[in-house]
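1. coords please:
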Amino acid sequence: MEVSHGSVYLYDFTTYEQLMNDVEILMDINADANFSLYSRMPTRRLIEKLDLSKINNYLISNMTKRNTLSPNIDEILTIIRNCENNDIHNVHLIDGLELIYDNSDKQDLLRKLTAFIDEISNFQSTLIVCVDNLALDSSWIIKLASITQKLTIKAPKLTAIEESDSTIEEIESAEQIQYELGIDGGPRLAYLSRLPKIGFTREILVKRILQWRRMGLDVSVIEPSLSYDTVKAFELYQEVEELVRRATELERFIHANAGDIDATQVTTDMFRIRQLTGLDELEKKYY
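-> A predicted model of the protein is given here:
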């Protein structure tokens, strides 16, 4: 959904996978907005789930390190105020409210949020407070819900487009795939449509890299291509795409024959598959 200027929303989530998927949907729908995320998740983990080139991110932590914010609502609200620009729609997402809640006076925190809700009505900015309702006191969250708007995020319905663009459309919608867990506890590998050379862009490549990461694959080998020209980037993409295809076939073979393979060997080989290493050796071993 498109979010309104000068509004504060309350968004309830239960898993980070859900949150990150929904943040990407929000960014796609509100493409002209500038997004900032205030999170408890370190950058090294966020980068596995989001394209950080499209969103400003701040770490909320009790640790005193560079580029971190203490779990204090005043610091975040000050940043939001300082970002106010009548020419830019800024969307701010806080997913670390539970940490702030645990380090604050509960009534004082609610009072500050209430005052800011009145203040932001005159801003171009939007604030989205992301919470796991079960992690907060029910009476407190009910009070917060009463002064905010509930945000429900749904993926936009795809419309028919020309046949030449159908593969790209499928790619862009594929991020909503819910991966089945494999025998090693990680997501099962899934066959994804090959990306065509026509229409290949950095944005589409980033989405594909995120899809591969969500399947638990180590595709760091392709990350340099993000700084390449389109032709060279596509060439490297094709090489990695073929590695992923072979890895997927190996994983499916192992799953189908798991009863005949030593459990320790399964764990070792599944790790190698997810690292995209030793595929030649594994193919000779299993085929």
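
2. Strands of the stretch 151-287 of the chain, start to end?
-> For the stretch 151-287 of the chain, applying DSSP state E, counting those that start in this stretch gives no strands.

3. Equivalent analysis for the stretch 1-150 of the chain, please.
-> According to DSSP E, counting those that start in this stretch, the stretch 1-150 of the chain carries its strands in the segments 7-12, 34-39, 55-60, 68-69, 90-94, 126-131, 149-150.

4. and these as TSV, adding distance to residue 113, mean pLDDT and mean neighbour count?
-> (Each C-beta comes from the backbone N, C-alpha and C, glycine too.) TSV is the format used below for the strands of the stretch 1-150 of the chain (distance: least, CB to CB, whole Å; pLDDT from 0 to 100; neighbours: other CB atoms under 10 Å):
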stretch	distance to residue 113	mean pLDDT	mean neighbour count
strand 7-12	8	93	20
strand 34-39	14	94	21
strand 55-60	15	91	18
strand 68-69	16	89	16
strand 90-94	10	95	23
strand 126-131	8	94	23
strand 149-150	13	92	12
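
5. Quick check: which of those is nearest to residue 102?
-> Among the strands of the stretch 1-150 of the chain, the nearest to residue 102 by CB to CB is strand 55-60 (11.3 Å).

6. Mind splitting this protein into its structural domains?
-> Domains of the chain are assigned by automatic domain parsing as 7-150, 163-286.

7. any idea which of the ones you listed scores lowest on pLDDT?
-> Ranked by mean pLDDT, these bottom out at domain 163-286, with a mean of 80.

8. Could you work out the end-to-end span of stretch 29-39 for me?
-> 21 Å (CA to CA, to the nearest Å).

9. what's the answer for stretch 191-200, then?
-> Distance across stretch 191-200, first residue to last, is 19 Å (CA to CA).

10. Run the chain-centre distance for that stretch.
-> Mean-position distance between stretch 191-200 and its chain equals 21 Å (CA atoms, centre = their mean, to the nearest Å).

11. got the buried residues for that stretch?
-> Buried residues in stretch 191-200, counted by 16 or more other CB atoms under 10 Å: 192, 195, 200.

12. now stretch 16-23
-> Buried residues in stretch 16-23 (16+ other CB under 10 Å): 16, 19-23.

13. could I get those as CSV with distance to residue 281?
-> Listed next are those as CSV, based on distance: CB to CB, whole Å:
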residue, distance to residue 281
16, 35
19, 38
20, 34
21, 35
22, 40
23, 39
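
14. was I right about residue 43 contacting residue 56?
-> No. Contact between residue 43 and residue 56 fails when scored by CB atoms under 8 Å: they sit 11.2 Å apart.

15. Now stretch 277-287: buried residues?
-> Neighbour-count burial for stretch 277-287, counted by 16+ other CB under 10 Å, picks out 279, 282.

16. likewise stretch 262-274?
-> For stretch 262-274, burial by neighbour count (16+ other CB under 10 Å) applies to 266, 269-270, 273-274.

17. quick revisit: I'd like to know which of the strands of the stretch 1-150 of the chain lies nearest to residue 229.
-> Between residue 229 and the strands of the stretch 1-150 of the chain, the tightest spacing by CB to CB is seen for strand 55-60, at 24.8 Å.

18. Off-centre distance for the longest helix belonging to the chain?
-> Counting residues, the longest helix in the chain under DSSP state H turns out to be helix 230-256. Counting by CA atoms, centre = their mean, helix 230-256 is centred 22 Å from the centre of its parent chain.

19. got a list of what residue 269 touches?
-> Residue 269 sits next to 250, 254, 282, 285 when contact means CB atoms under 8 Å, 6 or more residues apart in numbering.

20. Including distance to residue 215, could the residues you listed go into a markdown table?
-> Putting the contacts of residue 269 into a markdown table (distance: CB to CB, whole Å) gives the following:
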| residue | distance to residue 215 |
| --- | --- |
| 250 | 13 |
| 254 | 15 |
| 282 | 17 |
| 285 | 22 |
